[in-house]
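Q: All I have is the shape, not the residue letters:
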């Protein structure tokens, strides 16, 4: 197994007043030639948006965009006619395809919203743009991974136009070793610690730290402090 470590403190940071953003990969004004992408994973932004503020209508194409709210309410509107809010426990996906425009605003005038927005290169280009969102039962993610996004909609997950899998779990500390098995041979896995801390192959990963793991069929870890762990499995080329 091979791995690369991305510490939270080494991410790119931008403070726009209304938006505080941490970039795991090169994005906007942040550029690191060693952190342009991991396989077909292109963007992982950890955004905090002030009450009542947000991103106005803007366009994307040929990208799979997954949004996972961690705190607060995110209001969404797009050129397909989709309009609504997403909250923690829900996941949103857009296939930008041949072109889509959307806006994202904090749906609260009193509380900040914290979200992860993740971009994956698509398998097929210029498909019909598509939007979907789903509420997941977080009880199913206790001490095991719950599949949120997959190409075959495993376990009722959201569909993605790529051989990529998003899995989220909440794990208790102790002597138990937890594992994740790669679903698609040859894929790598970007392991992002949302909260808590884990030991992954002798690498200590704390809150918002990450490791890109590849050339393996399975990864195993122990939990040092109760942890929420997101695995983003993607083709490496």
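A: All right, it came through fine. Quick caveat: nothing in here was measured; it's all calculated off a predicted structure.
Q: so is the residue located most distally from the centre of the chain in a helix, a strand, or just coil?
A: Computed with Cα atoms, centre = their mean, the maximum C-alpha offset from the centroid of the chain is found at residue 175, amounting to 27.3 Å. Classification of residue 175 using DSSP: H, G, I helix; E, B strand; the rest coil returns coil.
Q: Let me know the helix or strand that the nearest residue to it once chain neighbours are set aside is in.
A: Distance criterion Cβ to Cβ, 6 or more residues apart in numbering; nearest residue to residue 175, sequence neighbours excluded, is residue 222 at 7.4 Å. Heads up, the C-betas are built off the backbone N, CA and C, glycines and all. Using DSSP states H and E, the element containing residue 222 is strand 218-234.
Q: pLDDT of that strand, averaged?
A: Across strand 218-234, the average pLDDT comes to 98.
Q: Quick one: list the elements packing against it.
A: Identification of packing neighbours for strand 218-234 by 3 or more Cβ pairs under 8 Å, 6 or more residues apart in numbering; DSSP states H and E yields strand 41-49, strand 113-120, strand 165-171, strand 177-181, strand 188-200.
Q: Return the list of strands paired to it, each annotated with direction.
A: strand 165-171 (antiparallel), strand 177-181 (antiparallel), strand 188-200 (antiparallel) (DSSP bridges).
Q: still on that earlier bit, which one of the helices and strands packed on strand 218-234 lies closest to residue 234?
A: Residue 234 lies closest, by Cβ to Cβ, to one member of the helices and strands packed on strand 218-234: strand 41-49, at 4.7 Å.
Q: Next, the buried residues of stretch 141-157.
A: Using 16 or more other Cβ atoms under 10 Å as the burial criterion, the residues of stretch 141-157 that qualify are 141, 145-151, 157.
Q: Repeat that for stretch 96-109.
A: Neighbour count says stretch 96-109 has 96-97, 100-102, 104-108 buried, by 16+ other Cβ under 10 Å.
Q: so how far is that stretch from its chain's centroid?
A: Averaged C-alpha coordinates place stretch 96-109 at 16 Å from its chain's average position (Cα atoms, centre = their mean, to the nearest Å).
Q: when you give positions from now on, start the count at 35
A: From this message on, residue numbering opens at 35, which makes the last subject stretch 130-143.
Q: From one end of it to the other, what's the distance?
A: This stretch, stretch 130-143, spans 29 Å end to end (Cα to Cα, to the nearest Å).
Q: same question, stretch 181-191
A: In stretch 181-191, first residue to last residue: 6 Å (Cα to Cα).
Q: I would like the residues contacting it, please.
A: For stretch 181-191, contacts defined as Cβ atoms under 8 Å, 6 or more residues apart in numbering pick out 100, 102, 125, 127, 157, 168, 170, 180, 192-202, 217.
Q: what is the mean pLDDT for that stretch?
A: If you average the pLDDT over stretch 181-191, you get 96.
Q: what's the offset of that stretch from the middle of its chain?
A: For stretch 181-191 - counting by Cα atoms, centre = their mean - the centre lies 14 Å from the chain centre.
Q: sorry, back to before: most widely separated two among the buried residues of stretch 130-143?
A: Longest span within the buried residues of stretch 130-143, Cβ to Cβ: 131 and 142, 30.5 Å.
Q: Make sure residue 86 is actually in contact with residue 146.
A: No - counting by Cβ atoms under 8 Å, residue 86 does not reach residue 146; the two are 10.1 Å apart.
Q: bridging residues for residue 110?
A: Per DSSP bridges, the residues bridged to residue 110 are residue 118, residue 138.
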